[in-house]
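Engineer: I'd like to go over a predicted model; first the sequence, then the structure.
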Amino acid sequence: MSGKKLSAGDFIDSRCTRCRVVTNHTIVAMVEDSVVRVQCNTCGGAHNYHAPKAQKAERVVKSRSVAAPKAAKEPRSTRSKAAILEQEQWLAASRDADPTRAIPYTMDAAYKVNSWVNHPIFGFGLVVTVVPNKVEILFQDGKKLLRSKG
């Protein structure tokens with residue numbers, strides 16, 4: 001800005017409350033030598049004057065002359081260890097299973113541990129745990145807790 005004294009009607013940069021960016025504004029009101037109210041030349045909104053924030057100086061990164069290289073991290077696994085164990089358990093159990101002897105799953109039936117079930121959505125599964133009114137079945141996709149006759 002040059003040494004010219006500001007007055008109403010002059011143009012000034014301000015942060016617009018409607019546009020949410022620094023834009024060109026027209027000074028509407030002043031109190032003594034300070035700008036109080038402005039009107040945005042972009043959207044036409046009138047608001048109190050908000051001086052644009054000064055840009056931060058670039059941060060200088062100090063280089064480390066004796067920096068130790070970071071150890072390479074093991075990439076994240078997409079499957080948890082429990083899911084991998086369930087998959088291994090499924091493979092071991094399903095090798096010698098006969099899908100034709102599986103019982104069709106219904107919520108009203110009672111199941112025994114190590115019996116095979118054929119579920120309409122999850123498919124062929126092995127009964128792992130039986131608790132009152134529930135049964136845990138190991139399917140190829142993992143374990144599912146389903147309702148059963150208690």
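Structural biologist: Now that the structure is in, tell me what you want to look at. All figures in this text were calculated on a predicted structure; none of them were measured in a lab. Numbers count the residues shown, from 1 in each chain.

Engineer: quick check: K5 vs N41, distance?
Structural biologist: Counting by Cβ to Cβ, to the nearest Å, the gap between K5 and N41 amounts to 21 Å. Bear in mind the C-beta positions are built from the backbone N, C-alpha and C, glycine included.

Engineer: which of those two has more neighbours?
Structural biologist: Here K5 and N41 are set side by side on neighbour count (other Cβ atoms under 10 Å), and the busier one is N41, at 13 against 6.

Engineer: show me the contacts for that one.
Structural biologist: If you count contacts by Cβ atoms under 8 Å, 6 or more residues apart in numbering, N41 has them with F11, T23, N24, H25, T26.

Engineer: pick the one among these closest to V35.
Structural biologist: Nearest to V35 among the contacts of N41, counting by Cβ to Cβ, is H25 at 8.8 Å.

Engineer: skip the chain neighbours and tell me the closest residue to V36.
Structural biologist: For V36, the nearest residue in space outside its immediate sequence neighbours is A29; the separation is 4.8 Å by Cβ to Cβ, 6 or more residues apart in numbering.

Engineer: tell me which other helices or strands the helix or strand containing the one you found touches.
Structural biologist: Element membership for A29 (DSSP states H and E) is strand 22-31. Where contact means 3 or more Cβ pairs under 8 Å, 6 or more residues apart in numbering; DSSP states H and E, strand 22-31 is packed against strand 11-15, strand 34-40.
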